[in-house]
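Visitor: heads up, no residue letters with this:
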């Protein structure tokens, strides 16, 4: 745990006098240990504990008689490289859609725009299940936990006086899952290891370890599509291959092996090694003819790891994981107020009890999940992160580009996990390649675009199964624009000029070129998009028509406005494209301005129309407030107030991911108490789904702290964690704002390691709602501008790159 320095007097008034770290010898109180723990085994996915190394995932149920462990590899999906020319003449229908909109025939536009649709995305696949079978017996003193400080899970219980312990982790350095099984009585352990899969697979004979090979389907229909025939399609020599290898080692017991099981008898201790690999070799590479040698990779990883002891592998794992996790510490209380299992304290919290430890745990759990699910180039965390037990997962567990994929990465920069942003940023590079063809074939436009859904194959086309999709989701075309804003955010937080010049700027420019092509004049001298939709929402015209397709949607223009502002700022740094910069500046001032509706709300539609569902879960037209940065309480107060009124009309009851978004929006409005109210609601206890999902229960949190949409979607975890940081620290490239939305419930606390735009790292303490200590780290000799409670100040960093004030 990193060390910080004790304030001599926490109640002194702030003074802008720099002090050296050497003057303060005593460390501040450390963050409490971060653990999820339970006194019974899980019986549902939403109770199980998850581990991962950014590619391999494990979901541990922790049963005493049989321990079920779901295994995932983030590169195992149905399908193969997408054909981006799937509807090569779709663009020919664009003029008729625009003509219908020009004459305000919205019903015709809704019908015609369906001709601009293509295939559905592919699905993220479950690789298999590992089982550990133990002899039956009376189990007492059961305990299981997930230690976030170590990324290690454990199970302990007693049978006939023998204390049995299982410890699990998934190593990034060694690319394996490691399980140590031990008993307190010598040679008292006997158990069996076996494997199965919902996919097509077989056991391979003749190896000194268990070896299974299989393949993902070439097509897995989304779970919401109802067609005749089998929704899961396998074809010979098609689809991604996978291999799973399992070995038991370092045991004093007897090992017996068949082609499908490993049995251990009369052991005191044993270590199980599990290695996975797939043939996925890139979004544009055929996984059969151009794929990686999955069998060779899985075997190599297994045998390499098995040469090391459990302790050696554990130390390598901890050194790797903790260099990320330990960057940020948060403490909202000096002690843990209750000693209860996590599910019980979540129930208690849902009834109104205070629990600052649980609030901190949820924040750090979000960071843990991102480290564990996002370390594979070009393959970001999906709707379920890394952990999926279903062959037809909810919404294909794909990349939903109208909020969910982006929300997964809202905490990457401000909670000091910039490296975990890279899989999404490199995925954007893949999208750009297919997206250029999509822009050309669907819109006859330059640049690149992406729509509602994508997958590991970087699919960018409008979905809907070639005319069967509802335009409210199928035809939204701003996915590339939204994603491209993440490129600037990465630069803003890291100040990586090489990344900006070589990666970010060209990709952002391509998205802007597409945006410019989608703009038309509204007849009043304003630029608007046509056609336009607002993600998954419907408008209601004065004559009662409910539609999705129109022109000049506020969400479109907010995202385009943000991208243009980012690109103009980027061009002032790279200084290579003044002509395009001028074009953007001219277009920016002509964008149809934000409109305040008759209810005082920020209009979602070009006209001041009613929403078909005023409390709809999406609030895409508030993009400029968050995650965008161009609507602010100080620079654009009228629009900020209109955004606030929009949130008031929508209310607070919504899905898990939407709650995560709204907490951030309230934080940007500097209303910490309302943000905190919704944070508490995000942590509302939700029962596991088991067999059937109850979509009517509303959002919240499952017993294992997974976000409940419902069903499970990981975006709410990430959005909620990002919002904690947003309440404590906000920033622009030029200024840091300290405790901008501090709720009254967090009157005392400390946080270290948060990142701010401009490349700063910030730590602070506060008491009785007042800042008592602030430290900023950055480049030596630079000057930081910061504000607190409306007062702006500056400080110069010393030669060690630190500035401190109290």
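Guide: Structure's in. What do you need? Predicted, not measured: the structure shown is a model, and the values here were computed from it.

Visitor: How far off centre is stretch 501-518?
Guide: 24 Å (Cα atoms, centre = their mean, to the nearest Å).

Visitor: Also stretch 55-63?
Guide: Using Cα atoms, centre = their mean, the offset of stretch 55-63 from its chain centre is 19 Å.

Visitor: That one spans what distance, first to last residue?
Guide: 25 Å (Cα to Cα, to the nearest Å).

Visitor: Can you tell me what sits against it?
Guide: Outside stretch 55-63, the residues that touch it by Cβ atoms under 8 Å, 6 or more residues apart in numbering are 41-43, 45, 47-52, 67-75, 130, 144, 153, 155, 166, 168, 170, 175-177, 274, 276, 372-373, 375-376, 379, 385-387, 389. Any C-beta I mention is one placed from the backbone N, CA and C, and that applies to glycine too.

Visitor: so of these, which ones are in helices?
Guide: Assigned to helices by DSSP state H, the following of the contacts of stretch 55-63 qualify: 372-373.

Visitor: Any of the contacts of stretch 55-63 buried? List them.
Guide: By neighbour count, with 16 or more other Cβ atoms under 10 Å, those hold 41-42, 45, 47-52, 67-75, 130, 144, 153, 155, 166, 168, 170, 175-177, 274, 276, 372-373, 375-376, 379, 385-387, 389 as buried.

Visitor: So which of these are in strands?
Guide: Among those, DSSP state E puts 49-52, 67-73, 130, 144, 153, 155, 166, 168, 170, 176-177, 274, 276 in strands.

Visitor: Please, where are all the helices along the stretch 51-200 of the chain?
Guide: 94-102, 106-112 (DSSP state H, counting those that start in this stretch).

Visitor: Contacts for the first one, please.
Guide: Applying Cβ under 8 Å, 6+ apart, the external contacts of helix 94-102 come out as 106, 108-109, 112-113, 116, 442-444, 520, 530-531, 549-551.

Visitor: Go again with 7 Å.
Guide: 108-109, 112-113, 116, 443-444, 530-531, 550-551 (Cβ atoms under 7 Å, 6 or more residues apart in numbering).

Visitor: ok, which stretches of the stretch 451-600 of the chain are strands?
Guide: Per DSSP state E, counting those that start in this stretch, the stretch 451-600 of the chain carries strands over the ranges 453-454, 519-521, 527-529, 539-540, 546-547.

Visitor: low-confidence ranges in the stretch 1-150 of the chain?
Guide: Residues of the stretch 1-150 of the chain that meet the criterion pLDDT under 70 lie in 1-29.

Visitor: Ignore what I typed, I meant the chain.
Guide: 1-29, 690-697.

Visitor: just to revisit the earlier point, just the buried residues of the contacts of helix 94-102.
Guide: Judged by 16+ other Cβ under 10 Å, buried ones among the contacts of helix 94-102: 108-109, 112-113, 116, 443, 530-531, 550-551.

Visitor: biggest separation within those, which pair?
Guide: 108 and 443 (18.8 Å; Cβ to Cβ).

Visitor: Just want the angle from the helix or strand that contains residue 299 to strand 66-73.
Guide: In this assignment (DSSP states H and E), residue 299 forms part of helix 294-306. Angle of helix 294-306 versus strand 66-73, following axes from the mean of the first three to the mean of the last three Cα atoms, to 10 degrees, is 120 degrees.

Visitor: what about the residue nearest to residue 673 when sequence neighbours are not counted, neighbour count?
Guide: The shortest distance from residue 673 to any non-neighbouring residue, by Cβ to Cβ, 6 or more residues apart in numbering, is to residue 743 (5.1 Å). Residue 743 has 19 neighbours, counted by other Cβ atoms under 10 Å.

Visitor: residues contacting residue 743?
Guide: Per Cβ under 7 Å, 6+ apart, neighbours of residue 743: 672-673, 675-676, 727.

Visitor: Now tabulate those residues in a markdown table and tack on neighbour count.
Guide: Formatted as a markdown table, these follow (neighbours: other Cβ atoms under 10 Å):
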| residue | neighbour count |
| --- | --- |
| 672 | 23 |
| 673 | 12 |
| 675 | 25 |
| 676 | 23 |
| 727 | 25 |
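
Visitor: Now the two most distant members of these.
Guide: 673 and 727 (10.1 Å).

Visitor: Nearest the geometric middle of the protein, what residue?
Guide: The chain has residue 408 as the residue nearest its centroid, 2.0 Å off, counting by Cα atoms, centre = their mean.

Visitor: if I read this right, that one contacts residue 715, doesn't it?
Guide: Yes. Applying Cβ atoms under 7 Å as the test, residue 408 and residue 715 come out as touching, 5.5 Å apart.

Visitor: which residues of the stretch 251-400 of the chain fall in strands?
Guide: Per DSSP E, counting those that start in this stretch, the stretch 251-400 of the chain carries strands over the ranges 254-257, 261-267, 269-278, 329-331, 399-400.

Visitor: tell me the most buried of those strands?
Guide: With neighbours defined as mean count of other Cβ atoms under 10 Å, the strands of the stretch 251-400 of the chain peak in mean count at strand 399-400, which reaches a mean of 28.

Visitor: Which elements pack onto that one?
Guide: strand 453-454 (3 or more Cβ pairs under 7 Å, 6 or more residues apart in numbering; DSSP states H and E).

Visitor: Tell me the strands beside the strand it packs on, with direction?
Guide: strand 399-400 (antiparallel) (DSSP bridges).

Visitor: what residues does the strand it pairs with touch?
Guide: By Cβ under 7 Å, 6+ apart, strand 399-400 touches 380, 382-383, 405, 452-455.

Visitor: State the pair within those residues that is farthest apart.
Guide: Applying Cβ to Cβ across these, the maximum distance is between 380 and 452, 16.3 Å.

Visitor: For residue 665, find the nearest of the strands of the stretch 451-600 of the chain.
Guide: strand 539-540 (21.2 Å).

Visitor: wait, what's in contact with residue 321?
Guide: Residue 321 is in contact with 151, 371, counting by Cβ under 7 Å, 6+ apart.

Visitor: at 6 Å what do you get?
Guide: For residue 321, the contacting residues are residue 151, by Cβ atoms under 6 Å, 6 or more residues apart in numbering.

Visitor: does residue 649 sit in a helix, a strand or a coil?
Guide: Residue 649 falls in the helix class when you classify it by DSSP: H, G, I helix; E, B strand; the rest coil.

Visitor: got a list of what it touches?
Guide: 601, 614.

Visitor: redo that, cut-off 8 Å
Guide: 599, 601, 614-615.

Visitor: Return the list of helices and strands in contact with the helix or strand containing residue 439.
Guide: Secondary structure assigned from DSSP H and E places residue 439 in helix 422-443. Contacts defined by 3 or more Cβ pairs under 8 Å, 6 or more residues apart in numbering; DSSP states H and E place helix 422-443 against helix 479-494, helix 505-518.

Visitor: which of the ones you listed is buried the deepest?
Guide: helix 479-494 (a mean of 25).

Visitor: packing partners for that helix?
Guide: helix 404-407, helix 410-414, helix 422-443, helix 497-499, helix 505-518, helix 554-574.
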